[in-house]
Structure formats: structure tokens, C-alpha cells
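A.B. asks: Quick one: sequence and predicted model below, then my questions.
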Amino acid sequence: MSDNDKAHPTTAICGFDAENILVRGKNLVSDLMGNYSFTELLLLQALGKEPTKAQSRIVDAVLVTIMEHGLVPSAIATRLTHHGAPESFQGAVVAGLLGVGDRYAGTAGDCGVLLEEIVEAPLAERQATAIERVRSLRQMRRPVPGFGHPIHHGGDPRVGRLLQIAREAGVSGQYLNALDTLEAGVQEVINKSIVMNVSAAIAAVLAEAGVPASLMRGIVLTARCAGLVGHLFEEMNNPIGHDLWFAAKERIAYQD
């Protein structure tokens, strides 16, 4: 078979010619602009299926929930990068995005993997699956993604509301049940109360909305990008970057 006979690589996301721009088979100008929200197009573009109202409501709620975190390291990185390179708007945003990891807002995808494994197990084996996964993480001295919080020791206030929104949207509940199973497994293995954080709730509700675990961090990063843009705009108009840098300079002593 010659190279010319081989199938060409393809993309189903976007194509264009001189008159038209098509996104997942829909005309950008006549079908999408003014008719789709950002969240709806995010789902259509990524998953390739027309989003349901329930999916859009849940994902939109997640984007709102996780967009803002205050002066966490990612926001500080964005502000300090702008302080050093005010000409690079996108560089400052990227600097912050690079700092969105497992410690701040990054464990929903990992928790999503655990929930998928629990749901894929036979019903009678789901509790055992959860316990085995938690034990494996503990043996590797790794935290269980979605559990524990440095501030909300008595309960993450975002969790209940996010789960409520998913239930109101009419989800099947299998991943919400899996989250309960995982929480029970955490308590049994660790033998003490560890608060469920918003990453666990995000994993469960996104899974209920048909978002695979491999895409969950992308949803989180989309929200955080918007939040960092807000921090950057404030930095441009009410800068604190110099104070942040100077505070570090004064606080951290040189030691030979």
C-alpha cells in the first residue's frame, strides 16, 4: 500500500474555508454565536456531542466553584510575573496556570479515576474496591485525592451545594454513590474523620455530567485561567506585585 492509499489523519473539532467556520459540524456564525453559552460550546467542542441542560448546568457550576482561590501561589505567580514583565499578559497567565497542581485545585481528575474504578466494579465489590484503592495510596504514602483541607477542617462549604446542584439537575447518581463509597473507604482505612474537599465533589458531579476523568483537569484549568485573568487585571490597576516581592525579600534571609 502506498502512502497515497493510507487514510489521512483527521480532526472532528474544527474546519474552515473562505466562507465558513465549522465547529463539530455546526456553523460558528449562524449556529453557535449568540445561541450557545461558553459552557455549552466547551462541552460540544471537547466531547463532540450536543450538551444537555443538565450537563451545562453542572459544568457551569463547577467553573464558578473553582474559578477563584484568592492569593494562592498560582495567583501570586501571575502577579509577580506581570510585575517583572508587564508587557507579557499571556506570560503572566501561563505562569499562574503552571502552578495549578495537586496542592491547589488539581486533584479532581485523580479522584475521578477512583470513582470510575468504583463504578466499573460489580455492585457487590464496590466497597472492597474503594478500600483497596485507599490502602494502596496509603502504602505509597500518597494522600487520597479529594480528601483533606488545610482550612475547612469542619467541612468544605462548597461540597454540599455542588452535590445539591447535580441532584437538582437530575443525574443518575451512580458517581455520587461512588463518592459516598469512597468516603466510607477512607474512614475505614484511615480510622479518623477526614473532610471531603471540593475536588472530590467536582470529580463526582463532572462524572455525572459525562465528563471523563482525563478531561477534568482541563475543566479546572479553564476556570482557573479566568480567575487569573481577573487577578492580572487588578494587578494592572491596583498593583501589589512589588509588595509581594519586597515582603519575600525582607522575610527570607541569605545564609552562606
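C.D. replies: That came through, no problem. Numbers count the residues shown, from 1 in each chain.

A.B. asks: helices and strands around the lowest-mean-pLDDT helix or strand in the chain, which ones?
C.D. replies: For the chain, counting by mean pLDDT, DSSP states H and E, helix 241-251 ranks last in confidence among helices and strands (a mean of 91). Judged by 3 or more Cβ pairs under 8 Å, 6 or more residues apart in numbering; DSSP states H and E, the packing partners of helix 241-251 are helix 73-84. Backbone N, C-alpha and C define where each C-beta goes, glycine included.

A.B. asks: Name the residues of the helix it packs on that come out as buried.
C.D. replies: For helix 73-84, the neighbour count (16 or more other Cβ atoms under 10 Å) marks 74-83 as buried.

A.B. asks: which among these gets closest to residue 141?
C.D. replies: residue 74 (25.3 Å; Cβ to Cβ).

A.B. asks: From residue 231, how far out is that closest one?
C.D. replies: Between residue 74 and residue 231 the computed distance is 9 Å (Cβ to Cβ, to the nearest Å).

A.B. asks: Next, residue 68: secondary structure please.
C.D. replies: Following DSSP: H, G, I helix; E, B strand; the rest coil, residue 68 is assigned to coil.

A.B. asks: Quick check on it: phi, psi?
C.D. replies: Residue 68 adopts backbone torsions of phi -120, psi 130, taken as degrees, to the nearest 10.

A.B. asks: right, and it touches residue 230 too?
C.D. replies: Yes - under the criterion of Cβ atoms under 8 Å, residue 68 makes contact with residue 230 at 7.4 Å.

A.B. asks: Where does the prediction get shaky in the stretch 101-250 of the chain?
C.D. replies: 105, 150, 153 (pLDDT under 70).

A.B. asks: still on that earlier bit, distance to residue 135 and pLDDT for the buried residues of helix 73-84 - can I get that in JSON lines?
C.D. replies: Listed next are those as JSON lines, based on distance: Cβ to Cβ, whole Å; pLDDT from 0 to 100:
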{"residue": "74", "distance to residue 135": "32", "pLDDT": "94"}
{"residue": "75", "distance to residue 135": "36", "pLDDT": "95"}
{"residue": "76", "distance to residue 135": "36", "pLDDT": "95"}
{"residue": "77", "distance to residue 135": "36", "pLDDT": "95"}
{"residue": "78", "distance to residue 135": "39", "pLDDT": "97"}
{"residue": "79", "distance to residue 135": "41", "pLDDT": "97"}
{"residue": "80", "distance to residue 135": "41", "pLDDT": "96"}
{"residue": "81", "distance to residue 135": "41", "pLDDT": "97"}
{"residue": "82", "distance to residue 135": "45", "pLDDT": "97"}
{"residue": "83", "distance to residue 135": "46", "pLDDT": "96"}
